[in-house]
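Asker: sequence and predicted model, in that order:
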Amino acid sequence: MTDYYRYPQPEPQPYNTGAYPPPPPPPHRAKAKRPVALIVAVAAAVIGGGASALVGQFVGGDKSSGTGVTGTNVSRSSTGTVSGVAQAVSPSIVEISATSSAGQSTGSGVIITADGEVITNNHVVSGADTVKVRLSDGKTYTAKVVGTDPDKDLALIKLEGASGLKAASLGDSSKVKVGDEVVAIGSPEGLTGTVTSGIVSALNRDVTVAKDQDQDQGRQQQQGGGWPFEFGGQQFNGDTGDSKTTYKAIQTDASLNPGNSGGALINMNGEIIGINSAMYSPSSATGSTAGSVGLGFAIPIDTVKADLDDLRSGGNS
């Protein structure tokens, strides 16, 4: 007969009547659940705002992942608008009055240094005895011709006693494309700071202009006929004479009129891409019948930059 009390028996458990709380769950179960609950809670908290960045930190990803795209708030900038370009560049554009035995002609120029170096066309100052320059703020200076290059129809003048001027930013005309928007600023008919706009109509146009301004040409400019030039074997705005030169030009439909010569052709970033040099006026019209018909030409700014050292050393003056 087996002795019932020979082996130890399990201690009887009291019946749970509610007087005693249920025993806590085994410790190993709590440790298993906590990380899962934490990750789920974090994911739920960050949904809709940076979830990928925070979850990336938990899984060992790049902390920079999930950030927003950096950009420029264009509504706070006038870059790329005609008014913005005009406001930024107009202080760097001047009106030039050149007086010679042939009379007085009016042109434009572009300030390229704070101490008063100004680029313009050779035909604006050719043969001039005195040169006066008026800034956009109305202040006037006497200028001297530093150097000229009739073959490129370029000239460099220097304002006497000038300092602290706003120099223009010179762009890269090799990047100019047909159809690019442009702004022209100059002093047509003596209307200082006139702004027009358009597009680049063509590139590398062979334009032929006179090297020097004789008496008849000077009188024609004074009357408003425009600087004579040749294109495609034809003459426009008068006879260019025997002494002439040909250069590659940017064609634009931005309105150019007599007095715009030497002024700026500008891209929408406010960079000078050309020096306006010629415009077509119907037949030999003068006075009130002369005006832009959307055929203007500018010397590429890369040509200007390549010629600056020679102009500063006197060029062919």
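Answerer: Perfect, I can see it now.
Asker: D302: what secondary structure?
Answerer: The local conformation at D302, judged by DSSP: H, G, I helix; E, B strand; the rest coil, is helix.
Asker: that one contacts S173, correct?
Answerer: Yes: using Cβ atoms under 8 Å, D302 makes contact with S173 at a distance of 4.5 Å. (Each C-beta comes from the backbone N, C-alpha and C, glycine too.)
Asker: these two: which has the busier surroundings?
Answerer: Neighbour count, other Cβ atoms under 10 Å: between D302 and S173, S173 has more, with 24 against 17.
Asker: grab the nearest non-local neighbour of that one.
Answerer: Using Cβ to Cβ, 6 or more residues apart in numbering and skipping residues adjacent in sequence, the residue nearest S173 is P300, 3.7 Å away.
Asker: list the contacts for that neighbour?
Answerer: By Cβ atoms under 8 Å, 6 or more residues apart in numbering, the residues touching P300 are S173, S174, V176, K248, A249, I250, I273, G274.
Asker: buried stuff in stretch 94-111?
Answerer: Going by neighbour count (16 or more other Cβ atoms under 10 Å), the buried part of stretch 94-111 is 94-98, 100, 102, 105-111.
Asker: same question, stretch 270-286
Answerer: 270-281, 284, 286.
Asker: among those, which are located in strands?
Answerer: Counting by DSSP state E, the part of the buried residues of stretch 270-286 found in strands is E271, I272, I273, G274, I275, N276, S277, A278, M279.
Asker: helix or strand right after the worst-scoring helix or strand of the chain on mean pLDDT?
Answerer: Sorted by mean pLDDT, DSSP states H and E, the helices and strands of the chain end with helix 51-58, the least confident at a mean of 36. Toward the C-terminus, helix 51-58 is succeeded by helix 82-89 as the next helix or strand (DSSP states H and E).
Asker: may I have the strands that pair with the lengthiest strand in the chain, each with its orientation?
Answerer: Identified as the longest strand of the chain according to DSSP E is strand 194-210. Strand 194-210 pairs in its sheet with strand 181-186 (antiparallel), strand 229-231 (antiparallel), strand 244-252 (antiparallel), by DSSP bridges.
Asker: just grab the bridge partners of E181 for me.
Answerer: Beta-bridge partners, per DSSP bridges, of E181: I199.
Asker: so N122 sits against L156, correct?
Answerer: No: using Cβ under 8 Å, N122 is not in contact with L156; the gap is 9.8 Å.
Asker: so these two - more neighbours on which side?
Answerer: The residue with more neighbours, out of N122 and L156, is N122; 30 against 27, by other Cβ under 10 Å.
Asker: how close does the more buried one get to G147?
Answerer: Distance, N122 to G147, by Cβ to Cβ, to the nearest Å: 10 Å.
Asker: tell me, what's touching those two both at once?
Answerer: Residues touching both N122 and G147 (Cβ under 8 Å, 6+ apart) are A155.
Asker: picking that back up, can you tell me which of the buried residues of stretch 270-286 comes closest to D307?
Answerer: I275 (10.7 Å; Cβ to Cβ).
Asker: just the pLDDT at the closest one, thanks.
Answerer: You'll see I275 listed with a pLDDT of 98.
Asker: again, but for A88
Answerer: So, for A88, pLDDT stands at 95.
Asker: and if you look at G116?
Answerer: pLDDT, read off for G116, is 97.
Asker: touching, it and L165? I think so.
Answerer: Yes: counting by Cβ under 8 Å, G116 touches L165, with 5.9 Å between them.
Asker: shared neighbours of these two, anything?
Answerer: Here G116 and L165 have L159 as joint contacts, going by Cβ under 8 Å, 6+ apart.
Asker: and the contacts of P300, which is closest to L191?
Answerer: Nearest to L191 among the contacts of P300, counting by Cβ to Cβ, is G274 at 20.4 Å.
Asker: list the contacts of the residue nearest to the closest one when sequence neighbours are not counted.
Answerer: Once flanking residues are discounted, G274 sits nearest to A298: 3.1 Å by Cβ to Cβ, 6+ apart. Residues near A298 by Cβ under 8 Å, 6+ apart: A249, I250, T252, L265, I273, G274, I275, N276, S277.
Asker: now with 6 Å?
Answerer: I250, L265, G274, I275, N276 (Cβ atoms under 6 Å, 6 or more residues apart in numbering).
Asker: ok, now P188?
Answerer: By Cβ under 6 Å, 6+ apart, the neighbours of P188 are T194, N257, G259, N260.
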